[in-house]
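# Quick one: sequence plus predicted model below, questions after.
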Amino acid sequence: MTKCRPVFQLDNTLVRIAADENIPLVDSFFSEFGEIRRLNGRSLTADQLADTDILLVRSVTAVDETLLKGTPVKFVGTATIGTDHIDLDYLQRANIGFASAPGCNAQAVVDYVLSSLSVLIDVRGVSFADLSVGIVGVGNVGLCLRRRLEEMGVDVVATDPFKDPAVVGPLTSLEEVLKADVVSLHTPLVNDGECPTRHLMGAEQLLQMKQNACLINSSRGAVVNNAELLAHLRSHNDFEAILDVWEKEPHLDLALMHRCMLATPHIAGYSLDGKMRGTEMIYQAVCEYFGLPMRRKLGQFLPEPGIRRVNFSDQVPLNQALRTAIRAAYEVRVDDGKMRSAMSRAEDVKQTFDQLRRDYPLRRDIPTMKVGVPAKCVDLQQLLASAGFAVRTK
Ligand SMILES: NC(=O)C1=CN([C@@H]2O[C@H](COP(=O)(O)OP(=O)(O)OC[C@H]3O[C@@H](n4cnc5c(N)ncnc54)[C@H](O)[C@@H]3O)[C@@H](O)[C@H]2O)C=CC1
Ligand SMILES: O=C(O)C(=O)[C@H](O)COP(=O)(O)O
């Protein structure tokens with residue numbers, strides 16, 4: 001095992017960092033604090049942490065007593081929104097500091113849902129305003145999605161047992177939400193307590209949905225009972241599923257993948273902006289925890305977006321412009337196609353799943369994309385702004 005050379009000393013405590021190799025900008029943010037070891041998060045072991053003070057992970061590392069007991073780790077940061085891979089009770093008991101990155105890639109997930117909905121409306125020959133969308137979980141992702149869709153003229157219903165309607169807008173029961181044309185899941189994965197979400201969607205809930213409804217899951221795979229979803233899809237030809245997350249990932253049920261309208265390898269949150277924001281958030285948390293100066297800012301490192309501007313004429317119909325802008329920002333069908341193609345050749349499904357994620361060409365968030373609209377097309381300006389685009393009049 002390579003030992004990392006501690007070069008930073010604070011109150012006689014050496015700060016040594018081990019980080020998942022898939023966290024971007026770790027060197028840019030953390031290098032002044034010490035040498036950094038980059039490790040494979042999926043196969044991380046306690047032995048590899050024998051000389052680590054700060055551990056930086058992503059969602060693929062189970063951080064618990066087995067991994068940390070007997071190591072000198074004093075702080076764990078996960079550059080993700082979800083925290084279901086972390087045993088928070090153990091960290092508290094062991095007096096180990098912790099930070100996640102709430103909301104870091106919420107915009108990317110919203111963009112994924114918008115792109116997926118734009119494919120669905122193409123397939124069904126309808127427009128956004130013809131759809132009703134039910135949102136389960138109105139946190140950072142669900143609330144941003146709700147606001148975007150409502151401003152785009154979509155009829156939205158939402159449920160969340162822990163939120164105040166005065167803050168997030170009207171809420172209703174899960175049963176009511178299941179009556180929508182599309183149901184999009186945005187809860188954390190919770191195994192126990194008052195409102196567990198493991199298998200929140202199973203055969204019973206799927207039967208409450210419309211025969212031709214569409215279920216979108218970009219939360220965690222196990223929020224949906226995947227076996228019961230596949231059975232439902234097999235017995236309901238008009239029912240559609242759009243899945244980014246899978247119950248046993250990186251293992252993938254290929255039969256389920258084949259029956260999905262869109263299937264992607266847990267990349268809904270994979271924008272450059274979202275991933276880099278995640279790194280910045282755990283950097284800020286480390287600085288606060290150890291009383292270190294915060295010298296780095298995300299703006300120093302974010303490049304200009306590749307597509308800088310898409311222009312529309314005054315001839316283009318509103319819905320077509322909206323769909324074109326969304327798909328120019330993010331085309332979910334490309335990711336779907338890559339996964340199907342890679343899986344058709346895969347010798348090892350798990351390895352292929354991880355490889356697709358590791359080699360993912362990070363996209364940019366919709367708000368980084370400028371759209372040019374004629375000054376007189378006020379409706380189009382409003383519609384594109386409501387979807388999050390940076391509208392410029394020309
Ligand atoms: N596919 C991907 O790449 C990504 C997936 N995620 C997943 O999305 C989840 C949601 O993200 P955020 O909105 O940022 O989290 P958040 O914590 O801001 O919001 C989650 C919301 O779900 C609500 N909730 C909890 N239990 C519920 C239940 N039984 N029914 C309805 N609502 C319930 C909570 O009250 C909260 O408002 C994350 O926990 C993560 O697992 C997040 C980022 C990327
Ligand atoms: O932030 C979250 O929560 C996510 O689901 C991440 O986008 C997952 O990315 P990895 O941590 O698995 O790379």
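The structure has been received and is ready for your questions. Ligands and ions are numbered 1, 2, ... in the order given.

# does ligand 1 sit close to stretch 113-131?
No: using Cβ under 6 Å from any ligand atom, stretch 113-131 stays clear of ligand 1, coming no nearer than 10.0 Å. Any C-beta I mention is one placed from the backbone N, CA and C, and that applies to glycine too.

# And that stretch, what's buried?
113-121, 127-128, 131 (16 or more other Cβ atoms under 10 Å).

# Does ligand 2 have contacts with the helix or strand harbouring Val109?
Secondary structure assignment for Val109, by DSSP states H and E: helix 106-124. No: taking Cβ under 6 Å from any ligand atom as the criterion, helix 106-124 and ligand 2 are apart, separated by no less than 7.7 Å.

# Packing partners of that helix?
In terms of contacts (3 or more Cβ pairs under 8 Å, 6 or more residues apart in numbering; DSSP states H and E), helix 106-124 is packed against helix 140-151, strand 182-185, strand 214-217, strand 240-243, helix 272-290, helix 318-329, helix 332-345.

# For the helix or strand just after the second one, name the packing helices and strands.
What that stands for is strand 182-185. Moving toward the C-terminus from strand 182-185, the first helix or strand encountered (DSSP H and E) is helix 203-208. In terms of contacts (3+ Cβ pairs under 8 Å, 6+ apart), helix 203-208 is packed against helix 226-235.

# one step back: now distance to Thr187 too, for the buried residues of stretch 113-131, in TSV please.
Below are those laid out as TSV (distance: Cβ to Cβ, whole Å):
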residue	distance to Thr187
Val113	14
Leu114	19
Ser115	21
Ser116	18
Leu117	19
Ser118	24
Val119	23
Leu120	21
Ile121	25
Ser127	28
Phe128	24
Leu131	21
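
# out of the residues you listed, who's nearest ligand 2?
Within these, the smallest distance to ligand 2 is 13.8 Å, found for Val113 (Cβ to the nearest ligand atom).

# what pairs with the helix or strand following the helix holding Val109, and is each one parallel or antiparallel?
For helix 106-124, the following helix or strand on the C-terminal side (DSSP H and E) is strand 132-136. Using DSSP bridges, the strands paired with strand 132-136 in its sheet are strand 155-159 (parallel), strand 182-185 (parallel).

# residues of stretch 317-331 that come out buried?
318-319, 321-323, 325-327, 329-330.

# among the strands paired with strand 132-136, which is nearest Val138?
For Val138, the closest of the strands paired with strand 132-136 is strand 155-159, at 5.0 Å, according to Cβ to Cβ.

# and the stretch 51-200 of the chain, which of its residues are near ligand 1?
81-82, 102-103, 105-106, 109, 136-142, 159-163, 186-190, 195, 197, 200.

# still on that earlier bit, and the angle for the helix holding Val109 with helix 318-329?
130 degrees (axes from the mean of the first three to the mean of the last three Cα atoms, to 10 degrees).

# picking that back up, go through the helices and strands packed on helix 106-124 and name the closest to Thr264.
Among those, helix 332-345 sits nearest to Thr264 (Cβ to Cβ), with 4.6 Å.

# List of residues touching the helix or strand that the closest one is followed by?
Once the chain leaves helix 332-345, the next helix or strand it forms, by DSSP H and E, is helix 349-358. Contacts of helix 349-358 from elsewhere in the structure, counted by Cβ atoms under 8 Å, 6 or more residues apart in numbering, are 22, 42, 60, 249-252, 254, 265-267, 270, 338-339, 342-343, 346.

# tally of neighbours for the residue of the stretch 51-200 of the chain found nearest ligand 1?
Nearest to ligand 1, among the residues of the stretch 51-200 of the chain, is Gly139, at 1.7 Å (Cβ to the nearest ligand atom). Neighbour count for Gly139, taken as other Cβ atoms under 10 Å: 18.

# Counting neighbours, what do you get for Gln48?
Neighbours around Gln48, by other Cβ under 10 Å: 18.

# Next: the one 3 residues further on.
By the other Cβ under 10 Å criterion, the neighbourhood of Asp51 contains 18 residues.
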